[in-house]
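S.K.: quick one, structure for this:
(one chain, ligands or ions: 2)
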Amino acid sequence: MTLSRMDGRAIAPGAGTVLCALATGVGSAFAIDLDVTASVTLEPEQSSVEGRVAGDADADTSLVERCVELTVAAYGESDPGGVVETESEIPMASGLKSSSAAANATVLATLDALGRADEVSREDACRVGVRAARETGVTVTGAFDDASASMLGGVTVTNNTEDALVARDELDAHALVYTPDERAYSADADTARCQRVAGTADVVEELALAGRYGEAMTVNGWAFCAALDRQTEPMLAALPEADGVSLSGTGPSYVAIGDEDALTEIRNSWDEMTGTTRLVRTRNDGARTT
Ligand SMILES: Nc1ncnc2c1ncn2[C@@H]1O[C@H](COP(=O)(O)OP(=O)(O)O)[C@@H](O)[C@H]1O
Ligand SMILES: O=C(O)C1=C[C@@H](OP(=O)(O)O)[C@@H](O)[C@H](O)C1
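M.R.: Ligands and ions are numbered 1, 2, ... in the order given. Purely as a prediction, here's the structure:
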């Protein structure tokens, strides 16, 4: 009998940081309107999974390959190999959660190929991607904060040590994203320095759990710019107009939230810095098959 190949496709958004989890293991992030699309083809005749990233032949594809393998092992009936290809609007290793979005899109696309995307809860699907991220060494804490914001949409607060969702809320705002021309892999971040701002991270967590996301972001931004030795100029340039501004993740991007007029004004100063500035929306819907 010849088994037929199975195709699946899914999209997941990137995210901006409210609280970086590298200090205490508790983190918070919100989905933004920049997507990663994953297309998966499962080939019963093939035993291994081959990953490709559109437009980046040298990209590390181990994360998305592991996502397909783990999803097939957990939810497939046979053990096929195949091909996964991602296409991304999110620059890699820039603090905008390209890894979480790529993992979520790949897990959902694989479930789609298996015909099981509607049977598996989004939270469980998200945990498969987090496991793959841990196994391939692209994360420090597992980054369930970023992964849950991307998968569920809105803003989430999580305990990454336990992969527990502490809170989820909707967030309607514009977001201004500044990305310097540089990559910073989360796995290379100086965790010991981040742990020194744990007391400040506790304050950020309290603000986030009280729904004061903008203030939480700004406090997070000052603390983690210091811990990760990042410039504070983009933060100063965004205040006081922004509702909140922070280094996103371990950087190098910065994200400000607020209303469109305020962010347009901030954009004028951010545009003078080397790199790319984009005005997007926050997103309350997360990953989806397509
Ligand atoms: N579009 C993508 N397709 C496949 N893998 C990706 C993609 N984007 C990111 N990754 C994986 O995630 C790693 C970068 O992760 P990380 O340093 O956490 O950056 P980010 O802050 O953008 O999530 C890459 O080395 C790669 O393994
Ligand atoms: O690897 C990790 O555990 C994390 C990486 C950081 O994000 P980036 O990947 O965007 O730098 C951080 O914001 C997150 O809370 C946890």
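
S.K.: where do the domain boundaries of this structure fall?
M.R.: Recorded structural domains for the chain (assignment: automatic domain parsing) are 6-169, 174-281.

S.K.: most centrally placed residue in this structure?
M.R.: Lys97 (2.6 Å; CA atoms, centre = their mean).

S.K.: returning to what we had before: how about the domains of the chain, which one is nearest ligand 2?
M.R.: domain 174-281 (2.2 Å; CB to the nearest ligand atom). Backbone N, C-alpha and C define where each C-beta goes, glycine included.

S.K.: got the phi and psi for the residue nearest to the centre of the chain?
M.R.: Main-chain torsions, Lys97, degrees, to the nearest 10: phi 70, psi 40.

S.K.: show the pLDDT at it.
M.R.: Reported pLDDT at Lys97 in the predicted model: 97.

S.K.: that one contacts Gly27, correct?
M.R.: No - contact criterion CB atoms under 8 Å: Lys97 and Gly27 do not qualify, at 10.9 Å.

S.K.: shared neighbours, the two?
M.R.: Counting by CB atoms under 8 Å, 6 or more residues apart in numbering, the residues touching both Lys97 and Gly27 are 143, 146.

S.K.: for this structure, what lies in contact range of ligand 1?
M.R.: For the chain, the residues found near ligand 1 under the criterion CB under 6 Å from any ligand atom are 36, 53, 59-61, 63-64, 86, 88, 92-100, 102, 138, 185-186, 249.

S.K.: what is the burial count for Ser47?
M.R.: Residues within reach of Ser47, counting by other CB atoms under 10 Å, total 10.

S.K.: interface residues of the protein facing ligand 2?
M.R.: Proximity of the chain to ligand 2 (CB under 6 Å from any ligand atom) is limited to residues 17, 20-22, 27, 95, 97, 139-143, 145-146, 186, 249-250.

S.K.: helices along the stretch 1-150 of the chain, start to end?
M.R.: With helices called from DSSP state H, counting those that start in this stretch, the stretch 1-150 of the chain shows them at 62-75, 98-113, 122-135, 144-152.

S.K.: how about those in CSV, adding distance to Glu215 and mean neighbour count?
M.R.: Formatted as CSV, the helices of the stretch 1-150 of the chain follow (distance: least, CB to CB, whole Å; neighbours: other CB atoms under 10 Å):
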stretch, distance to Glu215, mean neighbour count
helix 62-75, 33, 22
helix 98-113, 24, 32
helix 122-135, 27, 22
helix 144-152, 18, 33
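
S.K.: so which of the ones you listed comes closest to Ile266?
M.R.: Ile266 lies closest to helix 144-152 among those, at 22.4 Å (CB to CB).

S.K.: CA-only coordinates of that closest one in PDB, if you can.
M.R.: Taking C-alpha atoms only, helix 144-152 is exported to PDB below (Å, rounded to 0.1, in the frame of the first residue of the first chain):
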ATOM      1  CA  PHE A 144       6.700  29.900  27.600                       C
ATOM      2  CA  ASP A 145       5.900  33.700  28.100                       C
ATOM      3  CA  ASP A 146       6.700  34.400  24.500                       C
ATOM      4  CA  ALA A 147       5.400  31.100  23.200                       C
ATOM      5  CA  SER A 148       2.000  31.600  24.900                       C
ATOM      6  CA  ALA A 149       1.600  35.200  23.800                       C
ATOM      7  CA  SER A 150       2.300  34.100  20.200                       C
ATOM      8  CA  MET A 151       0.100  31.000  20.400                       C
ATOM      9  CA  LEU A 152      -2.900  32.500  22.300                       C
END
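
S.K.: just give me how far the helix or strand following it sits from the chain centre.
M.R.: Next helix or strand after helix 144-152 toward the C-terminus (DSSP states H and E): strand 155-159. Remark: strand 155-159 is offset 12 Å from the chain centroid, using CA atoms, centre = their mean, to the nearest Å.

S.K.: and the angle from the following helix or strand past strand 155-159 to helix 122-135?
M.R.: Reading on from strand 155-159 to the C-terminus, the next helix or strand found by DSSP H and E is strand 164-169. Angle, strand 164-169 to helix 122-135, by axes from the mean of the first three to the mean of the last three CA atoms, to 10 degrees: 130 degrees.
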